[in-house]
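Asker: Kindly return the folded structure for what I paste below:
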Amino acid sequence: MNAKNEQAVAMKVSIFGREYPVACPSGEENALLHSAKFVDNEMRKVRESGKVIGSDRIAVMVSLNIAHELLILRHHQNNGMPINTSAASVETDDQSRARIDAMNQQIDAKLEQFQQYLPE
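Answerer: Residues are numbered from 1 along each chain as shown. A predicted model of the protein is given here:
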């Protein structure tokens with residue numbers, strides 16, 4: 001919310017089978033619902049790929065994917081560059097996915113280390 005006197009609307013969104021209460025600026029309700037549906041769809045795609053297990057990890061992967069796309073769009077916009085959908089762009093996506101896979105492996109390794117400290 002940008003304006004101090006702007007009213008927030010209490011809403012609930014459903015993502016990946018769970019409901020979340022959120023506050024939304026008045027007039028932005030449809031945008032929020034659309035965003036929640038987008039995140040839900042992306043999480044379901046990652047789960048269906050079978051490469052990531054666990055809702056927390058799936059949420060992290062989706063967050064990284066969305067942040068990556070946003071940063072690329074901002075970079076292109078800030079540098080006056082057109083959005084490229086050519087094969088070079090696909091190569092960049094493949095490189096990004098490889099980095100994300102490497103991050104996922106690091107997360108797995110750290111979780112495995114952490115689990116040794118948990119009581120059985």
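Asker: now the longest helix anywhere in the chain: mean pLDDT?
Answerer: Longest helix in the chain by number of residues, with DSSP state H as the criterion: helix 87-115. Here helix 87-115 scores 74 as its mean pLDDT.
Asker: which helices and strands sit right next to that helix?
Answerer: Here helix 87-115 touches helix 55-78, going by 3 or more CB pairs under 8 Å, 6 or more residues apart in numbering; DSSP states H and E. Just so you know, the C-beta spots here come from the backbone N, C-alpha and C atoms, and that holds for glycine as well.
Asker: and the angle from the helix it packs on to helix 87-115?
Answerer: Relative orientation of helix 55-78 versus helix 87-115 (axes from the mean of the first three to the mean of the last three CA atoms, to 10 degrees): 140 degrees.
Asker: For helix 55-78, which residues meet the burial criterion?
Answerer: Neighbour-count burial for helix 55-78, counted by 16 or more other CB atoms under 10 Å, picks out Arg57, Ile58, Ala59, Val60, Met61, Val62, Asn65, His68, Ile72.
Asker: so how far is Glu69 from the third one?
Answerer: In this structure, Ala59 and Glu69 are 16 Å apart, going by CB to CB, to the nearest Å.
Asker: picking that back up, which positions in the longest helix of the chain come out as buried?
Answerer: Ile100, Asn104, Ile107.
Asker: Quick one, grab the pLDDT at the closest residue to the first one other than its chain neighbours.
Answerer: Yep, that's Ile100 we're talking about. Closest residue in space to Ile100, ignoring its immediate chain neighbours: Leu64 at 5.5 Å, by CB to CB, 6 or more residues apart in numbering. Note for Leu64: predicted pLDDT of 93.
Asker: Equivalent analysis for the one 3 residues further on, please.
Answerer: With respect to pLDDT, Ala67 scores 92.
Asker: can you check the one 3 residues further on too?
Answerer: At Leu70, the pLDDT value in this model is 91.
Asker: now Pro119
Answerer: If you check Pro119, the pLDDT there is 69.
Asker: Then Ala31?
Answerer: We have a pLDDT of 95 for Ala31.
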